[in-house]
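Visitor: just a sequence and a predicted model for now, questions to come.
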Amino acid sequence: MLNLKSVIFRPIRQIACLFAATLLLGGLCPFVRADDKEKKVKEKKERPEVWVEIRTPNFIVMTDGGEKTARKVLDEFEQARRVFQATLPNARLSTGIPIRILAARDSQSFPLLLPEFPPDRRRTQPNGQFVAGKEKIHIAIRTNVSGKVPYEEIYQDYARQILKMSYRNLPPWLQIGFENVYGSMTFTDKGAQIGRPDPEDMSVLFESPLLPLDLVLHVDHTSPYYTSGDKNTVYFAESKALVHFLLTDAQLSSGKVLEHYMDLVDHGGDSVKAARETFGR
């Protein structure tokens with residue numbers, strides 16, 4: 001059961017400006033027009049300007065979709081955080097300020113958070129957007145989305161931010177793998193679950209010769225394997241599959257072996273030497 005601290009109500013424009021201020025240095029809210037009185041009256045009649053807010057020490061969720069929606073969003077992000085905590089016990093998961101999640105109930109509300117994405121059949125709105133500042137993190141999402149992993153990119157961005165806050169010198173294969181694994185998370189009443197390897201990645205690995213493991217471990221951020229711009233390569237597929245195995249294998253994950261390896265390479269250890277020391281030959 002979530003330790004909910006409060007359920008309060010706030011005007012929609014106040015909520016939207018909080019997110020807009022994160023995107024704009026001036027902190028101004030470009031979609032509030034004081035002179036558009038007729039439009040305001042019409043919007044007020046059609047869409048009540050009330051958002052529900054629910055808080056935990058880790059997240060603040062605000063939505064115009066009702067308290068049930070707020071609780072669902074909050075529960076999923078808390079589950080995701082527990083997965084990060086379980087797989088990376090020493091990682092820094094917070095800046096000390098709760099992550100603020102603005103959850104628009106549909107395509108009509110979403111432009112209040114991101115006005116560059118108006119409801120338009122000719123242009124698809126994103127499922128969400130992740131914005132990380134030096135101390136604060138804001139997330140905007142639409143809740144009327146479907147699919148097995150509708151917020152895959154959001155959780156990938158979340159994982160990327162955790163790695164950025166926690167480590168300085170991780171090799172690309174670890175970053176690629178972690179982002180992919182956490183982006184595959186699904187949620188049920190029993191908790192979060194890491195998804196299976198992507199079938200497209202498995203096809204790439206079956207149809208192409210594998211790269212030597214020493215090469216994958218040694219690739220850095222300047223290597224053509226990483227900077228080519230093509231993420232449908234053997235290198236990317238192999239990186240994802242390797243991290244998935246290390247996180248889900250019962251013997252390796254139970255002993256926090258991967259985290260020990262990450263600590264070694266983050267402190268300047270050679271990737272291959274650290275792998276041999278940690279995982280064995």
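Guide: Done, it's in.

Visitor: how about the CA coordinates for stretch 270-281, as PDB?
Guide: Taking C-alpha atoms only, stretch 270-281 is exported to PDB below (Å, rounded to 0.1, in the frame of the first residue of the first chain):
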ATOM      1  CA  ASP A 270      39.800  -2.000 -17.600                       C
ATOM      2  CA  SER A 271      36.500  -3.400 -18.900                       C
ATOM      3  CA  VAL A 272      37.800  -6.800 -19.900                       C
ATOM      4  CA  LYS A 273      40.000  -7.300 -16.900                       C
ATOM      5  CA  ALA A 274      37.200  -6.300 -14.600                       C
ATOM      6  CA  ALA A 275      34.800  -8.700 -16.400                       C
ATOM      7  CA  ARG A 276      37.200 -11.600 -16.000                       C
ATOM      8  CA  GLU A 277      37.700 -10.800 -12.300                       C
ATOM      9  CA  THR A 278      34.000 -10.400 -11.700                       C
ATOM     10  CA  PHE A 279      32.200 -12.900 -13.900                       C
ATOM     11  CA  GLY A 280      35.000 -15.400 -14.400                       C
ATOM     12  CA  ARG A 281      36.600 -16.500 -17.700                       C
END
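
Visitor: I'd like the mean pLDDT over that stretch, please.
Guide: When pLDDT is averaged along stretch 270-281, the result is 85.

Visitor: domains of this structure: list them as residue ranges, please.
Guide: Under automatic domain parsing, the residue ranges defining each domain of the chain are 1-166, 168-281.

Visitor: can I get those domains in CSV with mean neighbour count?
Guide: C-betas here are computed from N, CA, C, even on glycine. Written out in CSV, the entries for these read as follows (neighbours: other Cβ atoms under 10 Å):
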stretch, mean neighbour count
domain 1-166, 16
domain 168-281, 16
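
Visitor: by mean pLDDT, show me the worst of those.
Guide: Ranked by mean pLDDT, those end with domain 1-166 at the bottom, a mean of 78.

Visitor: what ranges do the strands span in the stretch 101-250 of the chain?
Guide: For the stretch 101-250 of the chain, the strands defined by DSSP state E, counting those that start in this stretch occupy 128-132, 137-142, 186-188, 191-193.

Visitor: the second one pairs with which strands, parallel or anti?
Guide: Going back to what we said before, that points to strand 137-142. Within its sheet, and counting by DSSP bridges, strand 137-142 is paired with strand 99-104 (parallel), strand 128-132 (antiparallel).

Visitor: can you list the residues that contact it?
Guide: Here strand 137-142 makes contact (Cβ atoms under 8 Å, 6 or more residues apart in numbering) with 18-19, 22, 73, 95, 97, 99-107, 109-110, 113-114, 125-132, 151, 154, 158, 161.
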